[in-house]
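Peer 1: next comes the sequence, and after it the predicted model I'd like to discuss.
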Amino acid sequence: MQTKYLIFGVIGFFIFILLVSSIFIVNETEQVIITQFGKPVGQPIVEPGIHFKLPFIQTAHFFDKRFLEWDGDPNQIPTKDKRFIWVDTYARWRIKDPLLFFQRVKDERGAQSRLDDILDGETRNAIASHNLVELIRTTNRDYIPNVELGEGETPEITMQIKYGRERLTRMIIEAAAPRLLELGIELLDLRFKRINYVEEVRKKIFERMISERKRIADKYRSEGQGEASKILGDKERELKRIESEAYKTAQEIMGKADAEATIIYARVYDRNKDSRDFYRFLKTLEMYKKTMSDRDWLVISTKSDLFHYLQKQASK
């Protein structure tokens, strides 16, 4: 009896192992190739769900159905105009034909290696066939450089481009896509992640940029100082004009006042003799006040007209 149960147990365990080995589950993001003794059999399985295979004889190889990433290594590449630059690219791809993909590259690691060879090679060919300006610009936009150029020198930024970065990336994709389709790979997109000069050239460019910015700053500073001097000059000129006009107005007022005073003095002087004598007396006293003080010494004859009223006062 125990031997019977043991036999049933062994048979059940064997059946369980067979079921586990023959059943596999395919997710929505996966596709499967079945191989028998290392050779593909049947069509690729792309529908999700539970599927079966021969246990121990057949093997299921799973591949991703989603968009995959390729990140290239930065490479130093010369352009057509002999500019050495560092180019860093990236791309997106997917496994379009899993059977062909398995036959040609086996797995994603092999695919990454082939992508490195093909995409790096096509990128190098495209860059070496075009000038640097074609890689850094997309359209012929209007631009006025602020860098003083030497005689006969033309800045790259003002050169007219024929292709541009967008079209160059399209050209790389068009050249690489047929070669990748032979591997069961569909190239979805490729972009330049970074384009830069090599270190030696980059230092010279930075130095040129710094000197140019300093030149512009000095120019603005000089223009500011000139404008400040102009403002100060205008202020001084306006101040002198105002002072001159004020002095002119004051002199005109004083002249009018003196004229009116002279007229008044003349009228008073012409009225009668006493008024004339009184006028002379006032003017003489005014002259005394202006010409003499308690610290002045005068050596003048006593018969001088200056002492006319003093002599009268002394005689009284």
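Peer 2: That came through fine. Numbers count the residues shown, from 1 in each chain.
Peer 1: could you tell me how far the longest helix seen in the chain lies from the centre of the chain?
Peer 2: If you go by DSSP state H, the chain has its longest helix at helix 199-271. What separates the centre of helix 199-271 from the centre of its chain is 39 Å, taken as CA atoms, centre = their mean, to the nearest Å.
Peer 1: who are the packing partners of that helix?
Peer 2: helix 273-291 (3 or more CB pairs under 8 Å, 6 or more residues apart in numbering; DSSP states H and E). To be clear about C-beta, it is placed using only N, CA and C from the backbone, and glycine gets the same treatment.
Peer 1: part of a helix, is residue 191?
Peer 2: No - secondary structure of residue 191 (DSSP: H, G, I helix; E, B strand; the rest coil): strand, not part of a helix.
Peer 1: tell me how far it lies from residue 55.
Peer 2: Applying CB to CB, to the nearest Å, the value for residue 191 to residue 55 is 46 Å.
Peer 1: what about stretch 54-62, start to end distance?
Peer 2: By CA to CA, to the nearest Å, the extent of stretch 54-62 from end to end equals 16 Å.
Peer 1: got the contact list for it?
Peer 2: Contacting residues not belonging to stretch 54-62 are listed as 17-18, 21-22, 24, 26, 30-37, 41, 51, 53, 102 [CB atoms under 8 Å, 6 or more residues apart in numbering].
Peer 1: which parts of the stretch 1-150 of the chain are helices?
Peer 2: Here the stretch 1-150 of the chain has its helices, by DSSP state H, counting those that start in this stretch, at 2-22, 98-105, 108-128, 132-136.
Peer 1: enumerate every residue touching residue 189.
Peer 2: 91-92, 173.
Peer 1: can you pick the most crowded of those?
Peer 2: Most neighbours among those, by other CB atoms under 10 Å: residue 91, with 23 neighbours.
Peer 1: so what pairs up with it in the strands?
Peer 2: residue 70, residue 190 (DSSP bridges).
Peer 1: from residue 65, how far out is it?
Peer 2: According to CB to CB, residue 91 stands 18 Å off from residue 65.
Peer 1: show me where pLDDT drops low in the stretch 151-300 of the chain?
Peer 2: Across the stretch 151-300 of the chain, the ranges flagged by pLDDT under 70 are 151-159, 268-279, 298-300.
Peer 1: and the chain, what are its domains?
Peer 2: Taking automatic domain parsing as the domain assignment, the record places the domains of the chain at 2-64, 68-147+155-197, 200-249, 272-316.
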